[in-house]
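> Coordinates for the following, if possible.
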Amino acid sequence: MDWLWVLLVAIRGLSPAVDDQWATRLTILDRARAEAFASADPSRLDAVYVPGSDGLQEDAAVIGAYAQRDARVVGAELRVLSCRVVRVSRDRVRLEVVDQLGPSRVVWDDGASADLPRDRPSRRRVTLARTSEGWRISDSRLR
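Predicted coordinates for the structure are as follows:
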């Protein structure tokens with residue numbers, strides 16, 4: 001079913017709808033976040049979050065906690081189910097998002113793995129900020 005999400009992202013990229021364009025941008029950031037978890041490399045979160053943001057610190061702590069147990073999380077991609085632009089300025093965008101964590105599992109260095117519990121859709125208020133490196137997540141709060 002992952003091909004379906006790739007197709008949706010590709011279609012959204014061609015769509016002129018403003019909400020879809022921001023959903024696509026958020027999906028790209030979420031993929032980079034999933035790569036940070038899968039590689040157990042919190043420095044990769046710099047491509048996702050504004051420096052010093054709560055999300056950056058929280059995700060880095062989770063990655064570190066798994067790494068201390070010789071493990072990493074694979075498949076931790078948030079799938080954007082809906083996205084609505086709440087407010088836009090030149091340097092900030094606030095989005096109302098419903099997302100769901102895809103099928104994820106813990107993989108230990110010895111090759112053993114275990115599925116993590118399935119997630120339900122969550123409603124979030126996500127703020128993106130324009131940085132010199134591009135758009136990054138500055139805040140994400142459950143609603």
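> got the contact list for the residue in the chain sticking out farthest from the centre?
Largest separation from the mean C-alpha position in the chain: Asp110, at 26.9 Å (C-alpha atoms, centre = their mean). Going by C-beta atoms under 8 Å, 6 or more residues apart in numbering, Asp110 touches Asp70. From N, CA and C alone the C-beta is placed, and that goes for glycine too.
> go again using 10 Å as the cut-off
If a contact means C-beta atoms under 10 Å, 6 or more residues apart in numbering, then Asp110 has 70-71 as its contacts.
> Mind listing residues that contact stretch 34-41?
42-49, 59-60, 62-64, 66-67, 70-78, 101-102, 104, 107, 109.
> Apply the buried test to those residues and list what passes.
42, 44-49, 59-60, 63, 66, 71-78, 101-102, 104, 107 (16 or more other C-beta atoms under 10 Å).
> Narrow these to those in strands?
71-74, 78, 101, 107 (DSSP state E).
> Between those residues, which sits nearest Arg33?
Among those, Leu78 lies closest to Arg33 (C-beta to C-beta), at 7.3 Å.
> Give me the distance between that closest one and Arg25.
13 Å (C-beta to C-beta, to the nearest Å).
> what does Trp108 give?
Applying C-beta to C-beta, the value for Trp108 to Arg25 is 33 Å.
> do Val88 as well
12 Å.
> what's the answer for Ile63, then?
Distance, Ile63 to Arg25, using C-beta to C-beta: 23 Å.
> list the contacts for Gly52?
Applying C-beta under 10 Å, 6+ apart, the residues contacting Gly52 are Ser138.
> Now it: which helix or strand?
Assigned by DSSP states H and E, Gly52 belongs to no helix or strand.
> ok so, going back, with respect to Arg143, which of the ones in strands among the buried ones among the contacts of stretch 34-41 is nearest?
Of all these, Arg143 sits closest to Leu78, with 14.8 Å by C-beta to C-beta.
> follow-up on the earlier one: helix, strand or coil: sort out the residue farthest from the centre of the chain for me.
For Asp110, the assignment made with DSSP: H, G, I helix; E, B strand; the rest coil gives coil.
> Per-residue pLDDT of it, please?
Asp110 carries a pLDDT score of 97 in this model.
> what does Gln21 give?
91.
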